[in-house]
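Novice: have a look; sequence and predicted model below, questions after that.
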Amino acid sequence: MARSFRMYGKKRGHRRTGSSALGSLGEAAVFAFFLALGTVFLVLLLKMPVLPEWRANHEFVETTGAVLGKRVMPSLDGTSYRAEVLVRYTVGDRQYDRWTYDVTFNSPWAYSSNHDLRQDEVDRFQEARPCPVWYDPEDPATAVVVRGYSAWLWSLLLLPVSFIVIGGAGLVYAVLGWGKSPEHLAAVTQLGRRLELFEESTPLARDYPNVPRDANLTNSPGTRLKYRLPITTTQGWKLVAAALVALGWNAIAVFFLVKSLSTSGDSALRAFDWRLLLFTLPFLLIGLAMIYFLVRQFLIATGLGPTHLEISDHPLLPGRFYDLFVSQAGRLMMNFLEIDLVCEEQATYRQGTDTRTEQRRVYATRVFDRRKFDIPQGMPFEQQCRIEIPPGAMHSFQADHNEVQWKFVVRGEVTGWPKYERVFPIIVFPKPQAR
Amino acid sequence: MARTADPTTHRLPLTSLLHEPLISITLDKGQQVYQPGQTVRGEYQIDAVEPADIRAVELSVLWYTEGKGEEDFAVHYFERLTAGDMLATGLHELRRFQTELPNSPLSYEGVVVKIRWCVRVRVFLNNGKDGVAERAFQLGEVPYAQAVLP
């Protein structure tokens, strides 16, 4: 079946139907526009005032002149001002009298709406006193009495340069991909990736495309079994984020509280204080709730003692059995401790301008379950069990927007504490084939 | 339970349209399910178009994702024939291809993530149009996945 050339197509996220040629043309046009815009802006900036400023600092010749006059001159519309100094200086046998200031003197950059600033600038010069003058050797009639670099001006260069880099790189990419099919582009890109893999990684990673690498799972030896599994580290970041939000929120709430309590005196002001206090009260309550949540999370993260999982082998293969060792430390009265072997799919997609992630659990089985037991101080709870990766299991899979993830999920509940959950990712490889 | 993905699924029906290239792809022995490391062999043929109208032909063996997420895809095997190559061997000849399949990713019929393998032939015409045909096959025999409650 042949697919015809379409001018317009439906689009969801990066999925697009329709004319790829027209799409490439549009893409190239956008990047060319960025490149042109950046180039024009850069040329204008270089022409005035970047290059003249550089010349004034490096090529202008210094001499001594005399200040004959000074003033702050308004622009034609009277809304901005520039500093002007009348100097007399001599080059060779010729004498020049010029109104000048710095190298931007004859450009719009010389003007500012701040009159006082310009007044301060001219006040630094004293009439009938000698002062240094720098003149252009190519045109001695051009001279300045102030030199230096404008930091804001040079930082402004970043803007056109970034436009040029983005536009140029995008244009090169669009031109290289011109007339090429998605498969052709993917083949070229993947050739590079394969070469990187060939150079860097273990045979296991090379031989199993799109199966996540297992280096992080095998670099920590266990005390009972071969490998100690790493724990997902999102808990710490959650705690930091919650602390920052609680801090910010409570700072604002306390600010309003102090403001409402600090005024005193006449009855009218006091009445207003009560209104502010009532307004602040809900914010204070929310702030207190945040502190409660933060303390609770902190206690869960630090007060329960670490959970360790160790496994007898890696990589994990469908249909194989493995030993799993669990260790829970802390002086705890456990209501329960359970471990699930879980497989989840994760898909990332764009909806409008948002990037969304959806997770679906497609496999879950309890591999360990213990209820009502105590853990004494200094004697961690330790238990070993046997688990099976199901024979028909899909292997771990990782691409840019889609994933299949395997993990152990440890859940527990301690008397007087909220339930807690700790996650230990694992990687399941495809079942090896008899060749 | 233990159903497997329908190996005869095609993304596009293999039918011809008037004045557009007819592309047919067949796999040897009608095989639809392959194991990692096996060689996929087959042939393709282009018809209903003049040799002078063709700019290039590309054959890819690739996987792509379907489902809720943005599409990911990767090309495992790729070959491109220019108009000159096509003329040298005759346009309407059956052209054979073969490639050893990788260990992963296996075909997968998940809930929000699906992985599909196919042989794809794309014909580029001189008038700017292109024609695409696909023949799906299955790599591995992973059973259908079903959502479970957390």
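Specialist: Perfect, thanks for sending it.

Novice: report the strands that pair with the longest strand anywhere in chain A, each with its relative direction.
Specialist: The single longest strand within chain A, with elements called by DSSP state E, is strand A:354-375. Take DSSP bridges as the rule and strand A:354-375 pairs in its sheet with strand A:332-351 (antiparallel).

Novice: for the partner strand, which positions count as buried?
Specialist: By 16 or more other C-beta atoms under 10 Å in any protein chain shown, the buried positions in strand A:332-351 come out as A:332, A:334, A:337, A:339-349. The way it works is simple: take the backbone N, C-alpha and C, and place the C-beta from them, glycine included.

Novice: same question, stretch A:291-308
Specialist: In stretch A:291-308, counting by 16+ other C-beta under 10 Å, buried: A:294, A:297, A:300, A:304-305, A:307-308.

Novice: isn't residue A:214 up against residue A:315?
Specialist: Yes: using C-beta atoms under 8 Å, residue A:214 is in contact with residue A:315, at 5.8 Å.

Novice: pLDDT on stretch A:49-62, on average?
Specialist: In this model, stretch A:49-62 has an average pLDDT of 89.

Novice: re the thing from before, name the nearest of the buried residues of strand A:332-351 relative to chain B.
Specialist: Of all those, chain B sits closest to residue A:347, with 3.0 Å by C-beta to the nearest C-beta.

Novice: low-confidence regions, chain B specifically.
Specialist: B:1-19 (pLDDT under 70).

Novice: can you do 50?
Specialist: B:1-18 (pLDDT under 50).

Novice: which stretches in it count as helices?
Specialist: Remark: helices assigned in chain B by DSSP state H are B:83-89.

Novice: report pLDDT for residue A:116.
Specialist: Confidence at residue A:116, expressed as pLDDT, is 90.

Novice: contacts only, for residue B:26.
Specialist: Counting by C-beta atoms under 8 Å, 6 or more residues apart in numbering or on different chains, residue B:26 touches B:42-44, B:135.

Novice: one step back: tabulate the buried residues of stretch A:291-308 (JSON lines), appending distance to chain B.
Specialist: What follows is the buried residues of stretch A:291-308, written out as JSON lines (distance: C-beta to the nearest C-beta, whole Å):
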{"residue": "A:294", "distance to chain B": "25"}
{"residue": "A:297", "distance to chain B": "20"}
{"residue": "A:300", "distance to chain B": "19"}
{"residue": "A:304", "distance to chain B": "22"}
{"residue": "A:305", "distance to chain B": "25"}
{"residue": "A:307", "distance to chain B": "19"}
{"residue": "A:308", "distance to chain B": "24"}
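
Novice: distance to residue A:359 added to these, as CSV?
Specialist: Putting the buried residues of stretch A:291-308 into CSV (distance: C-beta to C-beta, whole Å) gives the following:
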residue, distance to residue A:359
A:294, 26
A:297, 22
A:300, 22
A:304, 25
A:305, 28
A:307, 22
A:308, 25
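
Novice: least confident pick among those?
Specialist: The minimum pLDDT among those falls on residue A:300, with 73.

Novice: setting aside sequence neighbours, what's the nearest residue to the residue most central in space within chain B?
Specialist: The centre of chain B sits closest to residue B:119, judged by C-alpha atoms, centre = their mean, with a distance of 2.0 Å. Take residue B:119 and drop its neighbours on the chain: the residue closest to it by C-beta to C-beta, 6 or more residues apart in numbering or on different chains is residue B:135, 4.7 Å away.

Novice: and if you look at residue A:287?
Specialist: residue A:250 (4.1 Å).

Novice: and if you look at residue A:175?
Specialist: That would be residue A:28: by C-beta to C-beta, 6+ apart, it lies 6.8 Å from residue A:175.

Novice: surely the one you found and residue A:176 touch.
Specialist: No: counting by C-beta under 8 Å, residue A:28 sits too far from residue A:176 to count as a contact (10.7 Å).

Novice: now for the two: what residues contact both?
Specialist: By C-beta under 8 Å, 6+ apart, no residue touches both residue A:28 and residue A:176.

Novice: of these two, who's got more company?
Specialist: The residue with more neighbours, out of residue A:28 and residue A:176, is residue A:28; 18 against 10, by other C-beta atoms under 10 Å in any protein chain shown.

Novice: relative to residue B:56, how far out is the more buried one?
Specialist: 20 Å (C-beta to C-beta, to the nearest Å).

Novice: list the pairing partners of the strand or helix carrying residue A:97 within its sheet, with orientation.
Specialist: Element membership of residue A:97 [criterion: DSSP states H and E] is strand A:94-100. Strand A:94-100 sits in its sheet next to strand A:81-91 (antiparallel), going by DSSP bridges.
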